[in-house]
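Have a look at this prediction, sequence included:
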Amino acid sequence: MKTLARLVIIAALIFSAGPLMAAGKPVFLYSRHYNAKGENRYEADTAFKEVLKRLNGDFEVRVHDKPLTKENLKDVRVVMIANPSDKAFSNNAAPPHFSAKDIATISQWVRDGGGLIISGNQEDHNLEIEDTNKLLSNFGLQFTNLYTDFKPINVPKSAPIIGGLRWAFFSGNQILLDDKSPARPKAVVNNDATAPVKGTRNPPGILMAVSEPGKGHVVAFTDNGWLINEAFSGGIVAEIRIPEQDNWEIFHRLAKWVAGTATTQR
């Protein structure tokens, strides 16, 4: 009877622990729900094929465009949303934006222990900003319309999670933090205005940030080009080549941190 009682207690703990206790490998969901139909910039089987393949070492990787309902999130540890779309692509239907219901569901899921990675690049990438920022505001974050051009960034060793690594950044907008937010947002990468830049836009500001609402973790960054296949191999992205970089190791650390499984220092 004592053994049975212990099993009942263990089972209860597992089923009550939410997204942090999914069986086997933690589930990493690349959600395409907020991307316009026909928008193929960051497809799982093309541009993001390599990063998702490598993630299979630590995660059960899923890809779908289903709504992010409570039911569809129940066994997911990490959700990644890349460049949520603003307008329809070609003659397809308009993409869904983050509704008030979506924002409430996703925010509660994160506070209960889920991990969210969200990225965007406003420059001619059809990025939806207004409703995305309504979601990000719950985590003390906002996307802005200030841009930084292509450059390699040596992340200071003192930076959380990815300190000491070299980031090949292929241009993007910046992030604003709400210092009063209970989600405790903080910068991970500030633009290094002294680094050589391919272009003229080089203002001070934040290019990558994290926050910790409730039990959850959130990572936000600008630019998606640093995650595509060519970037990992030091190849050409948007006619720019930055061969010496740690882009995979950077994303690997971020993915484990947002999943709550990281062993690296924050």
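Ah, there it is. Numbers count the residues shown, from 1 in each chain.

At which residues are the strands of the stretch 151-266 of the chain located?
With DSSP state E, counting those that start in this stretch as the criterion, the stretch 151-266 of the chain has strands at 151-154, 166-169, 172-177, 186-190, 206-211, 217-222, 236-237, 240-241.

by contact count, what packs against the fifth one?
Looking back up the chat, that one is strand 206-211. strand 141-148, strand 172-177, strand 186-190, strand 217-222 (3 or more Cβ pairs under 8 Å, 6 or more residues apart in numbering; DSSP states H and E). All C-beta spots, glycine's among them, are computed from the backbone N, C-alpha and C.

Out of those strands, the one nearest Trp257 is which?
strand 217-222 (6.3 Å; Cβ to Cβ).

And Ala47, how far from Leu227?
8 Å (Cβ to Cβ, to the nearest Å).

ok, the two, which is more surrounded?
Neighbour count, other Cβ atoms under 10 Å: between Ala47 and Leu227, Leu227 has more, with 24 against 20.

Helix, strand or coil: sort out the residue lying closest to the more buried one once chain neighbours are set aside for me.
Among residues not flanking Leu227 along the chain, Val51 sits closest, at 5.1 Å (Cβ to Cβ, 6 or more residues apart in numbering). Under the three-state scheme (DSSP: H, G, I helix; E, B strand; the rest coil), Val51 adopts helix.

before we move on, what about Lys101?
Put simply, Lys101 is helix when judged by three-state DSSP.

now it: how far from Thr69?
9 Å.

Among those two, which residue is more densely surrounded?
Using other Cβ under 10 Å, the more surrounded residue of Lys101 and Thr69 is Thr69, with 14 against 10.

so where is this structure shaky, pLDDT-wise?
1-23, 122, 235-239, 263-266 (pLDDT under 70).

need the helices for it, in chain order.
For the chain, the helices defined by DSSP state H cover 2-16, 49-55, 70-73, 100-111, 130-136, 229-232, 247-258.

I'd like the ones you listed as JSON lines, with distance to His33 appended.
JSON lines is the format used below for the helices of the chain (distance: least, Cβ to Cβ, whole Å):
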{"stretch": "helix 2-16", "distance to His33": "26"}
{"stretch": "helix 49-55", "distance to His33": "16"}
{"stretch": "helix 70-73", "distance to His33": "9"}
{"stretch": "helix 100-111", "distance to His33": "9"}
{"stretch": "helix 130-136", "distance to His33": "13"}
{"stretch": "helix 229-232", "distance to His33": "23"}
{"stretch": "helix 247-258", "distance to His33": "19"}
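
What about Gly115, how many residues nearby?
By other Cβ under 10 Å, neighbour count at Gly115 equals 27.

ranking the helices and strands packed on strand 206-211 by burial, who's on top?
Mean neighbour count (mean count of other Cβ atoms under 10 Å) peaks for strand 217-222 among those, with a mean of 26.

between it and helix 247-258, how big is the angle?
Interaxial angle, strand 217-222 versus helix 247-258 (axes from the mean of the first three to the mean of the last three Cα atoms, to 10 degrees): 150 degrees.

Just checking: what are the partner strands of strand 217-222?
For strand 217-222, the paired strands and their directions (DSSP bridges) are strand 115-120 (parallel), strand 206-211 (antiparallel).

my guess is Lys87 meets Leu127, correct?
No. If you go by Cβ atoms under 8 Å, Lys87 and Leu127 don't touch, sitting 10.2 Å apart.

Before I go, just wanted to say thanks for your time.
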